[in-house]
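1. Requesting a structural model of the entry that follows:
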Amino acid sequence: MPIKKGDFILLDYTAKIKETDELFDTTDAEVAKKSGIFQEKGVYEPVLVIVGEGWVVPGLDKELVKSEVGERKSVEVPPAEGFGERDQNRVKIVPERELLKQKIRPEVGQRLEVNGQLATVRSINAGRVQLDFNHPYSGKTLSYEFEIKKVLSEPSEKALELVHRLAPAVKREEFKINIDDNTVKIDVPEGLLYWEALQSFKIRLVRDLIKYLDKIETVIFTEKFTYKPRNEESDKEEVVNA
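-> Residues are numbered from 1 along each chain as shown. The predicted structure follows:
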């Protein structure tokens, strides 16, 4: 059955810059290791994509609806359907002292955030810093090899993948999800309750669940803390050693 817009899919892919054959992204850990881009804290597995929602570059998104589950395909994506054409007007010169005031110490090649926008430091000369606000791969033709591993159909399965997308380091089975009519109930793993970004995670998840799941109007989070009494023998030992 062909893929259609709005489908929830799990996508396996490897992405390169055509002109240089540089691999810049992959869902395969072994490919990442061989190419020297492996990150120890990275999560390598097929990723959730909702087709047509702009979760991948437009050129790849268009190709997904021409594909089938289990079919290994390749596609070349021109700059206009990838990360955009390069725009010289997005290259700016700023005084280095202005960045230092913001506690930013620029280095050539560094990616940094300036006034809410990401930029690459291209050069530093005589107290002036050239910042490139273009995407690092703008103006490049991209080569993708990909395979749609699965199409998700069950609402609970879709909800779980939306959760996992925002907390990929947490195992799926640690979340308990129940969907009853127009309500999603989620048991938050205790280990996640101490996460500094928990509130942001919940806000983004509520937005996604209501936006992408049919008829969902309410999301309820259950947070359970377990009391673990101290070992009595350890307590006695602490008193003796005090």
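
2. mind listing the helices for this structure?
-> 29-35, 58-64, 96-101, 155-166, 198-212, 232-241 (DSSP state H).

3. what about these, which gets the closest to Glu81?
-> Shortest distance between Glu81 and the helices of the chain, using CB to CB, is found for helix 58-64: 3.4 Å. C-beta here means a position set from N, CA and C on the backbone, and glycine is covered the same way.

4. Would you mark the buried spots in the closest one?
-> Under the neighbour-count criterion of 16 or more other CB atoms under 10 Å, helix 58-64 has 58-61, 63-64 buried.

5. tell me what it is packed against?
-> Using 3 or more CB pairs under 8 Å, 6 or more residues apart in numbering; DSSP states H and E, the elements in contact with helix 58-64 are strand 8-17, strand 72-77, strand 142-152.

6. and if we set it to 10 Å?
-> Applying 3 or more CB pairs under 10 Å, 6 or more residues apart in numbering; DSSP states H and E, one finds that helix 58-64 contacts strand 8-17, strand 47-50, strand 72-77, strand 142-152.

7. Around the closest residue to Phe146 other than its chain neighbours, how many other residues sit close by?
-> Residue nearest to Phe146 in three dimensions, not counting chain neighbours: Tyr13, with 3.9 Å by CB to CB, 6 or more residues apart in numbering. Applying other CB atoms under 10 Å, we find 20 residues neighbouring Tyr13.

8. Quick check: Tyr13 touching Thr26?
-> Yes: using CB atoms under 10 Å, Tyr13 is in contact with Thr26, at 7.0 Å.

9. can you list residues touching both of those two?
-> Glu145 (CB atoms under 10 Å, 6 or more residues apart in numbering).

10. Quick check: the gap between Lys18 and Gln130.
-> Applying CB to CB, to the nearest Å, the value for Lys18 to Gln130 is 26 Å.

11. circling back to that earlier point, tabulate the helices of the chain in a markdown table, adding columns for mean pLDDT and distance to Met1.
-> What follows is the helices of the chain, written out as a markdown table (pLDDT from 0 to 100; distance: least, CB to CB, whole Å):
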| stretch | mean pLDDT | distance to Met1 |
| --- | --- | --- |
| helix 29-35 | 96 | 28 |
| helix 58-64 | 97 | 13 |
| helix 96-101 | 92 | 53 |
| helix 155-166 | 96 | 17 |
| helix 198-212 | 97 | 20 |
| helix 232-241 | 51 | 59 |
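
12. Could you take these and lay them out as a markdown table, with extra columns for distance to Glu190?
-> Shown next, in a markdown table, are those (distance: least, CB to CB, whole Å):
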| stretch | distance to Glu190 |
| --- | --- |
| helix 29-35 | 28 |
| helix 58-64 | 37 |
| helix 96-101 | 41 |
| helix 155-166 | 15 |
| helix 198-212 | 12 |
| helix 232-241 | 22 |
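
13. Could you point out which of those helices sits nearest Ile177?
-> That would be helix 155-166 among the helices of the chain, by CB to CB, at 5.2 Å.

14. Determine the set of other helices and strands touching that closest one.
-> Counting by 3+ CB pairs under 10 Å, 6+ apart, helix 155-166 packs on strand 8-17, strand 47-50, strand 142-152, strand 176-180, strand 183-188, helix 198-212.

15. mind running it again at 8 Å?
-> Here helix 155-166 touches strand 8-17, strand 47-50, strand 176-180, strand 183-188, helix 198-212, going by 3+ CB pairs under 8 Å, 6+ apart.

16. Residues in contact with the fourth one: which ones?
-> Contact with strand 183-188 is made by 159, 163, 175-179, 198, 205, 209, 213, 216-224, as judged by CB atoms under 8 Å, 6 or more residues apart in numbering.
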